[in-house]
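**Student:** missing the sequence, but the structure's below:
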C-alpha cells in the first residue's frame, strides 16, 4: 500500500542524501542503513518542528509526510517487516504528535525521531513475539479432541429434561407455577404476577421453596441411581 | 504517498487537530526547580533540628559525612536522570547517572553501620515513616514535572523519580538521626528507598504513559 520514494527530490524537509528503503512487500532489499549524519536538508527539520510547535498545521503536515519514509526505513533497519511496518509508522506518528513538546529546536531532529521510532519498533517486535505462531504438526491436529457434541449427548439432554419435568410436576401448584414461569420460561416477576394473579412476594417465596424442593428431589434421585 | 492511504488520513487528522504546545524548559532548570521546592521543607525542618548535634555526629564519623554526600548526590542525579529519561532523544544511559553516588551512599552506610549497636524496631520504623512521609510528596512533585515530558520508558523514569524522592527524604532524615547507624536501621532505610523506587516504577507506567 505504501508508495516508494527514493531520493525524494523537491520535498521541503527531507534530506537529499537520505534514501528510504523500499517496502519488504516489494521484495527489494533495503538499499542502505539509516544515516543520521549531518545532511544538508536536515537543517530545515528543526524549523519545521518548531513551526509545528507553535501551531502551523501546513508545516506540520509536510513534516509528517516527509517523516513517513524515514520512519519506515528506520523501522525496517530495526527488523520490522511486512504489515507491522505500517503499524510502526502509525504508532510513531502518534507518539511524535503526543511528544512534540519534548522536542528542543536547538537540537537535531533525526535523533529525536529515531529514538521514538526505535522504541515503537521494539514494541512491535515484542508484540509479534508474543503472538501465537502457526506450526505444522499433523499428528497433533489429528489427535485433537473435537469440541463438538458427542454421540448420545442429545439423548442424555432429553432424559434430563424429562426428569426435570417430572420433578417439577410433583411440586405443589404455587411452587410449580413459579418455577415454570420464572426459571423455565424466563419471565419476569411482574409478568408472572400478571399471569398467575399472585403477588411478587408470594412468587419469590414459592420460587425459592420450589428450588429447594427440586434440589432435594433431584439429588435423592441421583443418589438412588448411583451404584 | 497516496491521498487516501491510512498514513495520509492519520497525518491529516493530526495536522487538523494541531494545537500549539510550549516546548519544555531545559532539564537543568527543571531539576533546579524540583530541588528548590524540596529544599523548602528541608530548610524548615533543619531550623527545628538539632543542627549542632548533627554536625558533631558527622564530624566524629567520616562515613556519616560520605553517606550524607552520597544521599544528596543521589537525589540530585536521580532527579536529573528521571527528567532526562522523559526526553526521547537523550541517551538512555543517563539512567546510570545516579549509580556512582548510590554506590557511595550504600558503601559508606554499610561500612559505618557494621560496628553500630542495633537500634530498637520502633526507632527504625520511625525512620521508615519519615522517609516515606516526606518522600511521597517529593515523588509526586517530581512526577508532575515529568508529566510534561514523554517517557519512552515510563517505569524507568518513575523508578528514578522514586529514588530521587527517597534520597532527598533520607538526606533530610540525617539531620534528625540522633543515633549511630546500625545494620537493622540501615536495612529499613534501604527498604523505604526500595519501596518508593518500586512504587515509582509501578505507578510510572500508569502516570507517565497516561501523560504520553
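**Tutor:** Received the coordinates, thanks. Please read these numbers as outputs of a predicted model, since none were measured by experiment.
**Student:** contacts only, for residue 124.
**Tutor:** All of this is about chain A. Counting by C-beta atoms under 8 Å, 6 or more residues apart in numbering or on different chains, residue A:124 touches A:75, A:80, A:84, A:87, A:88, A:91. For glycine as for every other residue, the C-beta is placed from the backbone atoms N, C-alpha and C.
**Student:** can you look at chain B instead?
**Tutor:** B:184, B:185, B:188.
**Student:** which element follows the lowest-mean-pLDDT helix or strand in chain B toward the C-terminus?
**Tutor:** Least confident element among the helices and strands of chain B, by mean pLDDT, DSSP states H and E: helix B:51-60 (a mean of 75). The helix or strand immediately downstream of helix B:51-60 is helix B:62-84, counting by DSSP states H and E.
**Student:** enumerate the residues of chain B near chain A.
**Tutor:** Proximity of chain B to chain A is confined to B:1-2, B:5-8, B:10-12, B:14-16, B:18-24, B:86-89, B:148-150, B:152-153, B:212 under the rule C-beta under 8 Å from any C-beta of the partner chain.
**Student:** got a quick PyMOL command for the buried subset of these?
**Tutor:** Typed into PyMOL, the line below selects the buried ones among the residues of chain B next to chain A, using 16 or more other C-beta atoms under 10 Å in any protein chain shown:
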select buried, chain B and resi 1+7+8+10+11+14+15+18+21+23+24+86+87+88+89+148+149+150+152+153+212
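**Student:** which ones among the residues of chain B next to chain A map onto helices?
**Tutor:** Among the residues of chain B next to chain A, DSSP state H puts B:6, B:7, B:8, B:10, B:11, B:12, B:14, B:15, B:16 in helices.
**Student:** dump those residues into CSV; add pLDDT and distance to residue B:134 as well.
**Tutor:** CSV is the format used below for these (pLDDT from 0 to 100; distance: C-beta to C-beta, whole Å):
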residue, pLDDT, distance to residue B:134
B:6, 82, 50
B:7, 86, 49
B:8, 88, 52
B:10, 89, 45
B:11, 90, 47
B:12, 89, 49
B:14, 90, 42
B:15, 89, 46
B:16, 87, 46
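**Student:** neighbour-wise, which of the contacts of residue A:124 leads?
**Tutor:** For the contacts of residue A:124, the largest neighbour count, defined by other C-beta atoms under 10 Å in any protein chain shown, is 28 neighbours, found at residue A:75.
**Student:** residues in contact with it?
**Tutor:** For residue A:75, the contact set (C-beta under 8 Å, 6+ apart) comprises A:85, A:88, A:89, A:92, A:117, A:120, A:121, A:124.
**Student:** same thing but at 6 Å, please
**Tutor:** The contact partners of residue A:75, by C-beta atoms under 6 Å, 6 or more residues apart in numbering or on different chains, come to A:85, A:88, A:117, A:121.
**Student:** okay, these in a markdown table with secondary structure next?
**Tutor:** Below are the contacts of residue A:75 laid out as a markdown table (DSSP: H, G, I helix; E, B strand; the rest coil):
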| residue | secondary structure |
| --- | --- |
| A:85 | helix |
| A:88 | helix |
| A:117 | helix |
| A:121 | helix |
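**Student:** which residue ranges make up each domain of chain A?
**Tutor:** Chain A breaks down by automatic domain parsing into domains covering A:24-130, A:153-225.
**Student:** who's in contact with the residue positioned nearest the centre of chain B?
**Tutor:** Chain B has residue B:164 as the residue nearest its centroid, 1.1 Å off, counting by C-alpha atoms, centre = their mean. Residue B:164 makes contacts with B:75, B:78, B:79, B:82, as judged by C-beta under 6 Å, 6+ apart.
**Student:** tell me which element it falls in.
**Tutor:** Judged by DSSP H and E, residue B:164 forms part of helix B:154-173.
**Student:** same question, residue B:124
**Tutor:** Assigned by DSSP H and E, residue B:124 belongs to helix B:121-146.
**Student:** next: residue B:200.
**Tutor:** Secondary structure assignment for residue B:200, by DSSP H and E: helix B:183-211.
**Student:** now that helix: buried residues?
**Tutor:** B:183-186, B:188-190, B:192-193, B:195-197, B:199-201, B:203-205, B:207-208, B:211.
**Student:** other SSEs contacting it?
**Tutor:** Secondary-structure packing of helix B:183-211 (3 or more C-beta pairs under 6 Å, 6 or more residues apart in numbering or on different chains; DSSP states H and E): helix B:99-113, helix B:121-146, helix B:154-173.
**Student:** the helix or strand of chain A with the lowest mean pLDDT: how far from the chain's middle?
**Tutor:** Ranking every helix and strand in chain A by mean pLDDT, DSSP H and E puts helix A:138-143 at the bottom, with a mean of 74. On the basis of C-alpha atoms, centre = their mean, to the nearest Å, helix A:138-143 sits 29 Å off its chain's mean C-alpha point.
**Student:** quick check: next helix or strand after it?
**Tutor:** Next helix or strand after helix A:138-143 toward the C-terminus (DSSP H and E): helix A:153-169.
**Student:** buried residues in that next one, which are they?
**Tutor:** A:164, A:167, A:168.
**Student:** okay, the domains of chain A, which one's buried deepest?
**Tutor:** Of all the domains of chain A, domain A:24-130 carries the top mean neighbour count, a mean of 19, counting by mean count of other C-beta atoms under 10 Å in any protein chain shown.
**Student:** tell me the mean pLDDT over that domain?
**Tutor:** Averaging pLDDT along domain A:24-130 yields 80.
**Student:** and stretch B:122-135, by the same measure?
**Tutor:** Stretch B:122-135 shows an average pLDDT of 85 in the prediction.
**Student:** residues of that stretch that come out buried?
**Tutor:** Using 16+ other C-beta under 10 Å as the test for burial, stretch B:122-135 gives B:123, B:124, B:127, B:128, B:130, B:131, B:132, B:134, B:135.
**Student:** now tabulate those in TSV and tack on distance to residue A:221.
**Tutor:** Output for those, formatted as TSV (distance: C-beta to C-beta, whole Å):
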residue	distance to residue A:221
B:123	69
B:124	66
B:127	68
B:128	63
B:130	69
B:131	66
B:132	62
B:134	69
B:135	66
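**Student:** which one of those residues is nearest chain A?
**Tutor:** For the buried residues of stretch B:122-135, the residue nearest chain A by C-beta to the nearest C-beta is residue B:135; the value is 26.3 Å.
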